[in-house]
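>>> Got a predicted structure here, sequence first:
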Amino acid sequence: MSIIDEGFAIRRNGTCLAGLEVDCGATRAPFRGCCPTGYACPSQYNIACCTPGRNCTEPLLAAPQPKCANATWDLFDNGGFFCCEHSLPGYNRSNTNGCAAPGARLAAGDQILSTVRVGVEATTSASLSASSTALASSTSNAGPASVSASLIPSHSSVPSDSGSSTPVGAIAGGVVGGVALIALLALLTWFFLRRKKQKAEENPYLLNQRHEVDATPTKYRMDGTSGVYEVDGASTPSGYATELHSQQKPVELPAEHR
């Protein structure tokens, strides 16, 4: 959207802006009608700024929303449309148009007019002009494909591939955590095995079971499967340890020896 287009002229007190505007002639002294450079000023009705060789007054009057030739100007109606610099009041003086200077006091009988259309701020208009210029340049250089691409919003819903990749830091953290867990399990296993071994060595019952020795000498133990043998009296030199033969009848001692 361009801020300069066909529209109604501005009223300047004294002279038009050199190099930026064309002088369309005097209105009521000291005001003059001015149009942006590159536009012509037909004489019909109030002053309108039109493309050279074209009378745009009728189309401007028939438009649903009348406008100034510069989008930053404020539009007023005093039996005919005219424009003033943004924020400067337009007034009626004896059925003629005027724009009050900043801080000026109006003369008796001057009537302040209501603003029909407020102009945009200068910063906003500069942004609009730059955007329209860039869009026009891209259109002429790249064709329709470039225009359609420039209209795609920056917050497009097309998913980004960068979000699907796993961060390197997360992978490294997982590897370190796994190694630490394995080391901890190995340490706990070694600790419990060592503890179990110490408890087994300190148990006295297990020590007795392992180290108890029979106090009876082997040579004096009697095997339950062996028979009982007595010493033969004839085999001893003294003959004291003799017993009666198993075939000899018992003999009683004489009475005097009893």
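Here it is on my side, so go on. Quick caveat: nothing in here was measured; it's all calculated off a predicted structure.
>>> who are the neighbours in contact with residue 92?
78, 98, 110-111, 113 (C-beta atoms under 8 Å, 6 or more residues apart in numbering). In short, each C-beta sits where N, CA and C put it, glycine included.
>>> Can you tell me the element it falls in?
Using DSSP states H and E, residue 92 falls within strand 90-93.
>>> Over to residue 82?
Judged by DSSP H and E, residue 82 forms part of strand 81-84.
>>> Show me the contact partners of that strand.
The contact list for strand 81-84 (C-beta under 8 Å, 6+ apart) reads 7-11, 33, 46-47, 60, 66, 68-70, 73-76, 90, 97, 99-100, 116, 119.
>>> Pull out the buried residues from the residues you listed.
Buried by 16 or more other C-beta atoms under 10 Å: 7-11, 33, 46-47, 60, 68-70, 73-76, 90, 97, 99-100, 116, 119, out of those.
>>> which non-adjacent residue is nearest residue 56?
Closest residue to residue 56 apart from its sequence neighbours, by C-beta to C-beta, 6 or more residues apart in numbering: residue 50 at 3.7 Å.
>>> neighbours around the one you found, how many?
Residue 50 has 19 neighbours, counted by other C-beta atoms under 10 Å.
>>> still on that earlier bit, what about the buried ones among the contacts of strand 81-84, which are in helices?
Among these, DSSP state H puts residue 60 in helices.
>>> Just the local confidence number for residue 75, please.
pLDDT recorded at residue 75 is 97.
>>> which stretches of the stretch 51-200 of the chain have low pLDDT?
122-166, 200 (pLDDT under 70).
>>> For residue 99, list the residues it contacts.
Contact partners of residue 99, counting by C-beta under 8 Å, 6+ apart, are 10-13, 31, 84-85, 88-91.
>>> Bridged to it, which residues?
With DSSP bridges as the criterion, residue 99 is bridged to residue 90.
>>> returning to that earlier point: name the member of the contacts of residue 92 with the most neighbours.
Neighbour max across the contacts of residue 92 (other C-beta under 10 Å) = residue 98, 25 neighbours.
>>> Just the ones in strands from the buried ones among the contacts of strand 81-84, please.
Secondary structure of the buried ones among the contacts of strand 81-84 is defined by DSSP state E; positions in strands are 7-8, 10-11, 33, 74-76, 90, 97, 99, 116.
>>> Residue 176: which of those is nearest?
residue 74 (69.2 Å; C-beta to C-beta).
>>> Against residue 179, how distant is that closest one?
According to C-beta to C-beta, to the nearest Å, residue 74 and residue 179 sit 75 Å apart.
>>> and what of residue 187?
Residue 187 is 13 Å from residue 179, by C-beta to C-beta.
>>> Ok, residue 54 next?
Look at residue 54 and residue 179: by C-beta to C-beta, they are 83 Å apart.
>>> what's the answer for residue 26, then?
Residue 26 sits 92 Å away from residue 179, taking C-beta to C-beta as the criterion.
>>> would you list every one of the helices in the stretch 51-200 of the chain?
Using DSSP state H, counting those that start in this stretch, the helices of the stretch 51-200 of the chain run over residues 57-62, 122-142, 144-150, 168-202.
>>> what does the shortest one rub up against?
Counting by C-beta under 8 Å, 6+ apart, helix 57-62 makes contact with 6-8, 42, 44-45, 48, 50, 66-67, 81, all of which sit outside it.
>>> Between those residues, which sits nearest residue 196?
Sorting those by how near they are to residue 196, with C-beta to C-beta, puts residue 67 at the top with 96.7 Å.
>>> Look at the closest one and say how many residues are nearby.
For residue 67, using other C-beta under 10 Å, the count is 19.
>>> Any idea what the closest residue to it other than its chain neighbours is bridged to?
Ranked by C-beta to C-beta, 6+ apart and with sequence neighbours excluded, the top spatial neighbour of residue 67 is residue 7, at 4.5 Å. Residue 7 forms beta bridges with residue 49, as assigned by DSSP bridges.
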